[in-house]
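>>> no sequence on this one, just coordinates:
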Ligand code: 4AD
Ligand code: MG
């Protein structure tokens with residue numbers, strides 16, 4: 001019987017005739033003779049009208065009760081979507097228990113909506129975010145595949161740190177210590193010698209001890225690597241993939257952006273070329289703004305925020321001093337104190353979404369830098385090995401997908417755009 005049901009969006013489009021809809025109670029209001037129920041499915045909401053005397057069940061419905069109902073569609077300007085369904089038959093009604101989420105519960109405890117995230121996913125807000133996430137992942141795949149990148153898969157259990165030992169998660173692997181990957185970069189670097197242009201979308205893990213607006217311990221990482229390429233080539237791919245994703249979301253998710261109250265002007269402006277700002281220039285800009293920073297200091301979240309507020313679209317920040325970036329970055333041969341590295345920063349204060357650059361392709365230079373960074377070349381044996389056979393200039397980056405979704409949706413916190421977020425204090429639900 002449920003097979004006859006049509007999506008609520010479709011029922012609203014039809015606006016007349018008979019229809020069966022199915023979904024969950026979003027709101028309920030009882031009048032003398034009628035009960036008005038707003039029903040929600042994955043596509044939208046519609047108002048159902050029950051005659052109270054004919055449908056005793058309508059009284060028992062709670063928020064989030066499940067329902068399948070058939071009736072006549074009637075145009076009604078006062079109803080959400082301009083159409084209501086006058087119920088003639090109820091085919092499934094699962095009243096369930098009173099729904100625990102309400103404004104009072106949420107207001108009383110800022111962690112509450114995170115504690116009940118398994119239920120809060122049903123909210124219209126989460127629904128809109130999840131649909132935008134869906135489109136973002138789709139667009140990333142589309143961009144890379146259409147641009148000649150091969151999709152590859154990489155391991156999550158690893159033995160050597162990519163991004164430094166401090167944020168490694170240790171796992172007991174049959175009695176041996178291994179780690180959860182922080183980045184698939186080294187595996188992508190191996191794969192370019194087979195496929196030249198590769199990408200992967202996978203989780204990355206960081207034991208980030210602090211809770212911030214933009215850090216998770218498990219996040220989705222879209223990484224690419226290409227042979228025969230330098231820093232600027234990778235930066236171009238970075239600005240193209242971001243603008244491609246944003247364009248697609250603007251086209252296909254206008255309704256969801258509006259439901260979230262997101263102003264779209266900053267998104268519409270995010271077209272290539274993004275601004276290019278060197279690390280040196282960034283330090284100057286920040287000093288002029290009164291930020292106390294000297295050459296060689298890190299550009300952290302606060303500095304990024306101050307910097308991005310100076311620009312009306314994303315920027316490529318490049319040429320970081322050697323000690324600010326991981327060992328694998330190639331130093332600029334004309335100016336060895338800086339690396340051929342870049343970050344892409346999102347506007348409106350959001351900051352870093354991409355980190356990448358050109359890699360060291362010379363084995364001697366690589367081993368020297370590994371040692372200079374106090375690391376043990378033995379731990380990087382196979383990574384160094386890649387440089388011993390037909391090494392070529394290559395570059396790539398990692399894009400934090402959750403951070404991109406955060407900016408696109410205008411969220412205050414990265415946790416708000418992930419269905420089941422993981423941070424230092426939360427591994428549940
Ligand atoms: O800048 P990161 O650390 O660069 C790398 O991991 C490189 N190995 C990537 C590469 O070149 N293939 O991380 C890349 C991006 C950041 O810009 C950020 O968007 C995201 O990953 N990211 C995080 N997102 C959420 N929570 C965290 N804890 C994140 N750490 C990094
Ligand atoms: Mg980074």
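Thanks, I have the structure now. Quick caveat, the model's predicted, so the values are computed rather than measured. Ligands and ions are numbered 1, 2, ... in the order given.
>>> Going by residue numbers, what spans are helices in the stretch 101-250 of the chain?
Assigned by DSSP state H, counting those that start in this stretch, the helices in the stretch 101-250 of the chain fall at 103-108, 112-115, 117-120, 124-146, 185-195, 231-252.
>>> As CSV, these with mean neighbour count would be great.
Quick note: C-beta positions are derived from backbone N, CA and C, even for glycine. Formatted as CSV, those follow (neighbours: other CB atoms under 10 Å):
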stretch, mean neighbour count
helix 103-108, 10
helix 112-115, 17
helix 117-120, 15
helix 124-146, 18
helix 185-195, 20
helix 231-252, 20
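>>> quick one: contacts for residue 233?
Contacts for residue 233 (CB atoms under 8 Å, 6 or more residues apart in numbering) come out as 226, 395.
>>> what about it, distance to ligand 1?
13 Å (CB to the nearest ligand atom, to the nearest Å).
>>> Also residue 297?
17 Å.
>>> Select the helix or strand of the protein having the lowest average pLDDT value.
The weakest-scoring helix or strand in the chain, judged by mean pLDDT, DSSP states H and E, is helix 103-108 (a mean of 83).
>>> hmm, who's touching that helix?
Helix 103-108 has contacts (CB under 8 Å, 6+ apart) with 112-113.
>>> of all the helices of the stretch 101-250 of the chain, which lies closest to residue 73?
Residue 73 lies closest to helix 124-146 among those, at 21.7 Å (CB to CB).
>>> I would like the residues contacting that closest one, please.
Here helix 124-146 makes contact (CB under 8 Å, 6+ apart) with 26, 40, 42, 45, 120-121, 151, 199, 201, 220, 222, 224, 240-241, 244-245, 248-249, 252-253, 255-257, 259-260, 399, 401, 404-405, 408-409, 411, 416-417, 419.
>>> repeat for stretch 269-281
Stretch 269-281 is touched from outside by 235-236, 239-240, 242-243, 246, 285, 295, 299, 307, 311-321, 338, 344, 347, with contacts defined as CB under 8 Å, 6+ apart.
>>> pLDDT of it, averaged?
Mean pLDDT, stretch 269-281: 98.
>>> Pull up the distance across it, start to finish.
When the termini of stretch 269-281 are compared using CA to CA, to the nearest Å, they are 23 Å apart.
>>> Wait, a helix at residue 3?
Yes: Residue 3 sits within a helix when classified using DSSP: H, G, I helix; E, B strand; the rest coil.
>>> Give me the neighbour count for it.
5 (other CB atoms under 10 Å).
>>> what does residue 29 give?
Neighbourhood size, residue 29 [other CB under 10 Å]: 10.
>>> Once you drop chain neighbours, what's closest to it?
In space, and not counting its chain neighbours, residue 29 is closest to residue 36: 4.6 Å by CB to CB, 6 or more residues apart in numbering.
>>> about what we covered before: quick one: which of the contacts of stretch 269-281 sit in strands?
315-318, 338, 344 (DSSP state E).
>>> List the ones among the contacts of helix 124-146 that fall in strands.
Those of these lying in strands (DSSP E): 26, 40, 45, 151, 199, 201, 220, 222, 224, 399.
>>> Can you say which two of these are spatially most distant?
Maximum distance among the ones in strands among the contacts of helix 124-146 (CB to CB): 40.7 Å, for 26 and 224.
>>> Kindly supply the ChimeraX command isolating those of the contacts of stretch 269-281 that are buried.
In ChimeraX, this line selects whichever of the contacts of stretch 269-281 come out buried by 16 or more other CB atoms under 10 Å:
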select :235,239,240,242,243,246,285,299,307,311,313,314,315,316,317,318,319,320,321,338,344,347
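>>> ok, residue 419 - how many residues close by?
Residues near residue 419, counting by other CB under 10 Å: 13.
>>> Distance to residue 90 for the helices of the stretch 101-250 of the chain - can I get that in CSV?
Below are the helices of the stretch 101-250 of the chain laid out as CSV (distance: least, CB to CB, whole Å):
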stretch, distance to residue 90
helix 103-108, 29
helix 112-115, 31
helix 117-120, 24
helix 124-146, 24
helix 185-195, 54
helix 231-252, 34
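>>> To residue 82, which of those helices lies closest?
helix 124-146 (17.6 Å).
>>> So that closest one, near ligand 1 or not?
No: applying CB under 6 Å from any ligand atom, one finds helix 124-146 separated from ligand 1 by no less than 12.9 Å.
>>> angle of that helix against helix 231-252?
Between the axes of helix 124-146 and helix 231-252, defined by axes from the mean of the first three to the mean of the last three CA atoms, to 10 degrees, the angle is 130 degrees.
>>> quick one on the thing from earlier: so for residue 26 and residue 224, which sits in the more crowded spot?
Using other CB under 10 Å as the criterion, residue 26 and residue 224 rank with residue 224 on top: 29 against 19.
>>> May I have the beta-bridge partners of the more buried one?
Taking DSSP bridges as the rule, residue 224 bridges to residue 199, residue 397.
>>> Tell me who's in contact with it.
Each residue near residue 224 by CB under 8 Å, 6+ apart is listed here: 144, 149, 188, 197-199, 234, 237, 396-397.
>>> Kindly indicate whether residue 18 is helix, strand or coil.
Going by three-state DSSP: residue 18 is strand.
>>> From ligand 1, how far off is the closest residue in space to it that isn't next to it in sequence?
Nearest-residue entry for residue 18: residue 72, 5.8 Å, with adjacent residues in sequence omitted and distances by CB to CB, 6+ apart. When CB to the nearest ligand atom is applied, the distance between residue 72 and ligand 1 equals 50 Å.
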